[in-house]
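Q: Kindly generate the corresponding structure for this input.
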Amino acid sequence: MDWNFSQYLLEGENENEFSRFVLEPLPMGMGNLIGNAVRRVILSSVPGTAIIGMNFEGIVHEFTTVEGMYEDMPDFVLNAREIIFRLNGINAATVRLEVKGEKEVKASDLILPTGVEVINPNHHICSLGAEADINVEFYIRVGRGFVPEEKNVEDELPITTIYMNSNFSPVRKATYRVEKYEDDNNMERLIMDIRTNGSVNPSQALKVSTVYLDKVLSVLENVELKEKVEENKNNKEEIASNSIIDKSVSELGLSRRAGNCLRSGNINKISDLTNLSIGELMCLKNLGKKSCDEIVEKLHENGLTLREEKSSGEE
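A: Numbering: from 1, shown residues only. The predicted structure follows:
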């Protein structure tokens with residue numbers, strides 16, 4: 001069957017932030033199946049960039065009053081969270097803000113290191129009076145989905161760091177609807193609208209989500225039928241005592257590339273590996289689909305699996 005997949009830019013919309021995608025013709029029922037799966041994945045699994053915390057010179061907690069700054073600290077934090085960054089070729093960065101005297105401080109006033117770009121430079125951060133003198137470090141990371149502040153804590157950051165809730169997802173909204181296909185009453189059309197924050201354009205977000213979905217579904221291709229074996233209590237205790245779960249990942253017999261990717265991600269024991277979901281495994285630096293499939297296969301050979309993904313609620 002010949003399918004037509006098209007991308008449309010609506011009048012008045014920014015192509016870096018919004019696109020409409022149309023897939024047709026589809027068999028009846030397929031539109032909702034594809035649309036719902038892609039929507040769920042694109043809202044939760046497309047990586048993005050966000051501030052995880054800041055170090056505000058002279059400030060020890062987020063309710064401290066800053067001399068000369070008209071906003072209180074909670075408002076400052078909320079404004080900072082709305083700065084949209086893009087990291088090029090790096091996964092972490094530190095951005096500085098040094099302002100003295102009366103000024104309306106915007107995102108364009110940030111001091112950016114190489115590889116960091118601000119998408120919304122006109123975004124308001126705070127307003128300062130003549131006596132103000134602020135010096136702030138923002139810690140930027142790449143991640144997926146929403147991460148609460150307690151999960152953002154890093155031992156390497158200063159003890160005075162004020163951590164924030166982080167919404168890494170660059171996708172602001174993803175919706176779909178299904179219509180009848182005019183040329184055939186037994187076929188239908190899928191229409192998807194995707195809006196991002198501009199750090200990733202809609203077509204890139206859609207591509208990442210479909211690749212992610214393909215990797216997850218590809219695991220089902222390697223299903224094996226195994227004979228059920230009845231075991232008595234002694235056998236179960238013997239198997240538990242001989243478990244390989246606490247052994248090194250090198251015991252799995254992985255290729256050098258896959259093994260190096262795990263070690264660089266500080267995954268040294270098989271128990272560390274089985275505590276990862278397929279999405280977290282794919283986030284490891286330089287780990288491609290081939291290595292991911294190899295790791296999953298080796299785990300299956302030893303009767304082990306990755307942790308199941310937690311389903312996210314509808315947004």
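Q: When you work out contacts or count neighbours from here on, use the C-alpha atoms and nothing else.
A: Will do.
Q: quick one: residue 190 from residue 31, how far?
A: Remark: distance between residue 190 and residue 31 (CA to CA, to the nearest Å) = 5 Å.
Q: overlap in contacts of those two?
A: Counting by CA atoms under 8 Å, 6 or more residues apart in numbering, the contacts common to residue 190 and residue 31 are residue 178.
Q: In this structure residue 41 contacts residue 211, no?
A: No. Assessed by CA atoms under 8 Å, residue 41 is found out of contact with residue 211, at 10.1 Å.
Q: quick one: which of the two has more around it?
A: The residue with more neighbours, out of residue 41 and residue 211, is residue 41; 18 against 12, by other CA atoms under 10 Å.
Q: Wasn't that one part of a strand?
A: No. The assignment for residue 41, made by DSSP: H, G, I helix; E, B strand; the rest coil, is helix rather than a strand.
Q: mind listing what it touches?
A: Residues near residue 41 by CA under 8 Å, 6+ apart: 209, 212, 213.
Q: Turn those into a markdown table, including distance to residue 150.
A: Listed next are the contacts of residue 41 as a markdown table, based on distance: CA to CA, whole Å:
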| residue | distance to residue 150 |
| --- | --- |
| 209 | 27 |
| 212 | 27 |
| 213 | 29 |
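Q: Tell me the most packed of the residues you listed, by neighbour count.
A: residue 209 (23 neighbours).
Q: Verify the assumption that that one is located in a strand.
A: No. Read with three-state DSSP, residue 209 is helix and lies in no strand.
Q: leaving aside the residues next to it on the chain, what's closest to it?
A: residue 42 (5.1 Å; CA to CA, 6 or more residues apart in numbering).
Q: my guess is that neighbour meets residue 205, correct?
A: Yes. Using CA under 8 Å, residue 42 makes contact with residue 205 at a distance of 6.8 Å.
Q: Strands of this protein, start to end?
A: 4-8, 18-27, 48-56, 85-87, 92-100, 103-106, 116-118, 124-128, 133-143, 146-147, 162-163, 166-167, 171-180, 187-196 (DSSP state E).
Q: next one: the fifth one to chain centre, how far?
A: The reference is to strand 92-100. Relative to its parent chain, strand 92-100 has a centroid offset of 23 Å by CA atoms, centre = their mean, to the nearest Å.
Q: Could I get the average pLDDT for it?
A: The average pLDDT within strand 92-100 is 96.
Q: Check the last one too.
A: Computed over strand 187-196, the mean pLDDT rounds to 95.
Q: Tell me the helices and strands packed up against it.
A: Using 3 or more CA pairs under 8 Å, 6 or more residues apart in numbering; DSSP states H and E, the elements in contact with strand 187-196 are strand 18-27, helix 30-45, strand 171-180, helix 202-218.
Q: what angle sits between that strand and helix 30-45?
A: For strand 187-196 against helix 30-45, the angle by axes from the mean of the first three to the mean of the last three CA atoms, to 10 degrees is 20 degrees.
Q: strands paired with strand 187-196, and their directions?
A: The sheet places strand 187-196 alongside strand 18-27 (antiparallel), strand 171-180 (antiparallel), with pairing taken from DSSP bridges.
Q: got the CA positions of the last one in PDB?
A: Pointing back at strand 171-180 there. C-alpha atoms of strand 171-180 as PDB (Å, rounded to 0.1, in the frame of the first residue of the first chain):
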ATOM      1  CA  VAL A 171       7.800  19.300  23.200                       C
ATOM      2  CA  ARG A 172       5.100  21.700  24.500                       C
ATOM      3  CA  LYS A 173       2.100  20.000  22.900                       C
ATOM      4  CA  ALA A 174       1.300  17.000  20.800                       C
ATOM      5  CA  THR A 175      -2.200  16.200  19.600                       C
ATOM      6  CA  TYR A 176      -3.700  14.000  16.900                       C
ATOM      7  CA  ARG A 177      -7.000  13.300  15.300                       C
ATOM      8  CA  VAL A 178      -8.300  10.800  12.800                       C
ATOM      9  CA  GLU A 179     -10.500  11.600   9.800                       C
ATOM     10  CA  LYS A 180     -12.200   9.600   7.100                       C
END
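Q: ok, and for that strand, which residues are buried?
A: Residues of strand 171-180 classed as buried by neighbour count (16 or more other CA atoms under 10 Å): 171, 174, 175, 176, 178, 180.
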